[in-house]
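Chemist: How does the following fold in three dimensions:
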Amino acid sequence: MSERINVLVYPDGAENALEAHLAVKDVMNIRLFGASGREDHGGYVYLRHIPHAPFINDPDFVERFNDLLREHDIHVVIPTHDDVALALARLGDRVQAKVAVPGLRQTEICRSKKATYALFEGADFIPRTYSALPAADELPVFVKPDQGQGGKGAFLAERPEDLEAIDVLDDVVICEHLPGKELTVDCFSDRHGVLRFIGPRSRDRVFGGISVRSTSVALTPEVRSIAERIHAGLHPRGLWYFQLKQDGQGRYKLLEVSVRTAGTMNLYRCLGVNFPLLTVYDLLDMDVAITVNELDIQVDRALFNR
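Modeler: The predicted structure is shown next:
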């Protein structure tokens, strides 16, 4: 490998891709690239933007993607969509660069909420789920796609007729209604299997499934315990995060786990925890140290024009 590390963010137009850009664009030993198969905001932001990149469902995807990697001498790929992460994980060594995912097993589990809940079956942080349509006296319940992100397709069913919107039961997860506070917990695990950082943040305001106002919150023993149990069962590597919501008794229950960059990871980056950069270095078998500024901090986001 050359002295400079060439990193590709793919696709490069979504909010989390823009966060990856801010996280590593000014690092002296990294040359950052972005690629996308469609025209989006990445072309305005990335100095080295690669347009017309192949889509993961193209029949010749791996050949064209490897051509792109060779042309730009890419060492590390940071996927920014769950489906892209899973597709690249399934290709394994056929991708001619290192991919910032912890492994195929972990990526497949995180892509399915049912698989995630099955992995931790019996744990007290797993919400109650229903294998059949719940009775009227069990409502309200929350319905969400098994494979989904950003709250798309999710809804609260308060009446029996609300459940008529469900077409295929296998495609959704029906779980207990969780009326309390919601947290996202950003984590980093190194290649030695050590959980190095746990950072909870509130989801104060959500727009389009993205937390556009978020505040750092204290790490409680309950949240730490959940993070450690997920880490022990899933064995992630690099950056990852999970989402929690309180039930009616104030106990946190797991919503989902993900192994891709989250856009609002910028909150902890401002306190010294640069998740994309840590992941790149760890993926290249470099030891890292994390120094966190112990401050209270809040981030707020708005649409930005170029």
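Chemist: could you point out which element follows the helix or strand in which Leu69 is found?
Modeler: For Leu69, the host element (DSSP states H and E) is helix 61-71. Downstream of helix 61-71, the next assigned helix or strand under DSSP H and E is strand 76-79.
Chemist: now for that next one, which elements pack on it?
Modeler: Contact partners of strand 76-79 among helices and strands, from 3 or more Cβ pairs under 8 Å, 6 or more residues apart in numbering; DSSP states H and E: strand 5-10, helix 82-91, strand 98-99, helix 275-283. All C-beta atoms are positioned from the backbone trio N, CA, C, and that covers glycine.
Chemist: Low-confidence stretches in the chain?
Modeler: Low-confidence segments of the chain, defined by pLDDT under 70, span residues 1-2, 150-151.
Chemist: Cys187 belongs to a helix?
Modeler: No. The assignment for Cys187 (DSSP: H, G, I helix; E, B strand; the rest coil) gives strand, which keeps it out of a helix.
Chemist: May I have the beta-bridge partners of it?
Modeler: The residues listed as beta-bridge partners of Cys187 by DSSP bridges are Ile198, Trp240.
Chemist: so what's it up against?
Modeler: Going by Cβ atoms under 8 Å, 6 or more residues apart in numbering, Cys187 touches Leu195, Phe197, Ile198, Gly199, Ala227, His231, Pro236, Leu239, Trp240, Tyr241, Phe242.
Chemist: cool, Gly233 as well?
Modeler: Shown here is Gly233, whose contacts under the criterion Cβ under 8 Å, 6+ apart are Leu119, Phe120.
Chemist: Glu158 too?
Modeler: By Cβ under 8 Å, 6+ apart, the contact set of Glu158 is Leu139, Pro140.
Chemist: With Leu156 instead?
Modeler: With contact set as Cβ under 8 Å, 6+ apart, Leu156 has these partners: Pro140, Val141, Phe142, Val143, Asp162, His177.
Chemist: So it belongs to a strand, correct?
Modeler: Yes. According to three-state DSSP, Leu156 belongs to a strand.
Chemist: circling back: tell me which of the helices and strands packed on strand 76-79 lies nearest to Lys253.
Modeler: Checking these against Lys253 by Cβ to Cβ gives helix 82-91 as the closest, at 20.8 Å.
Chemist: For the closest one, enumerate the helices and strands it packs against.
Modeler: Applying 3+ Cβ pairs under 8 Å, 6+ apart, one finds that helix 82-91 contacts strand 76-79, strand 98-99, helix 104-111.
Chemist: What is the subsequent helix or strand relative to the last one?
Modeler: Towards the C-terminus, the helix or strand next in line after helix 104-111, according to DSSP H and E, is helix 113-119.
Chemist: Now distance to Glu19 and neighbour count too, for the contacts of Cys187, in TSV please.
Modeler: Below are the contacts of Cys187 laid out as TSV (distance: Cβ to Cβ, whole Å; neighbours: other Cβ atoms under 10 Å):
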residue	distance to Glu19	neighbour count
Leu195	22	17
Phe197	16	19
Ile198	19	18
Gly199	14	22
Ala227	21	24
His231	23	18
Pro236	19	26
Leu239	11	29
Trp240	15	28
Tyr241	12	24
Phe242	18	26
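Chemist: Could you single out the nearest of those to Ile126?
Modeler: The shortest distance between Ile126 and any of the contacts of Cys187, using Cβ to Cβ, involves Phe242 and amounts to 11.9 Å.
Chemist: Now do the closest residue to the closest one other than its chain neighbours against Tyr117, distance only.
Modeler: Once flanking residues are discounted, Phe242 sits nearest to Val257: 4.4 Å by Cβ to Cβ, 6 or more residues apart in numbering. Plainly put, Val257 is 10 Å away from Tyr117 if you go by Cβ to Cβ, to the nearest Å.
Chemist: Looking at the two now, which is surrounded by more residues?
Modeler: Comparing Val257 with Tyr117 by neighbour count (other Cβ atoms under 10 Å), the higher total belongs to Val257, at 23 against 19.
Chemist: what sits against Ala14?
Modeler: Contact criterion Cβ under 8 Å, 6+ apart gives Asp40, Thr80, His81, Gly263 as the residues in contact with Ala14.
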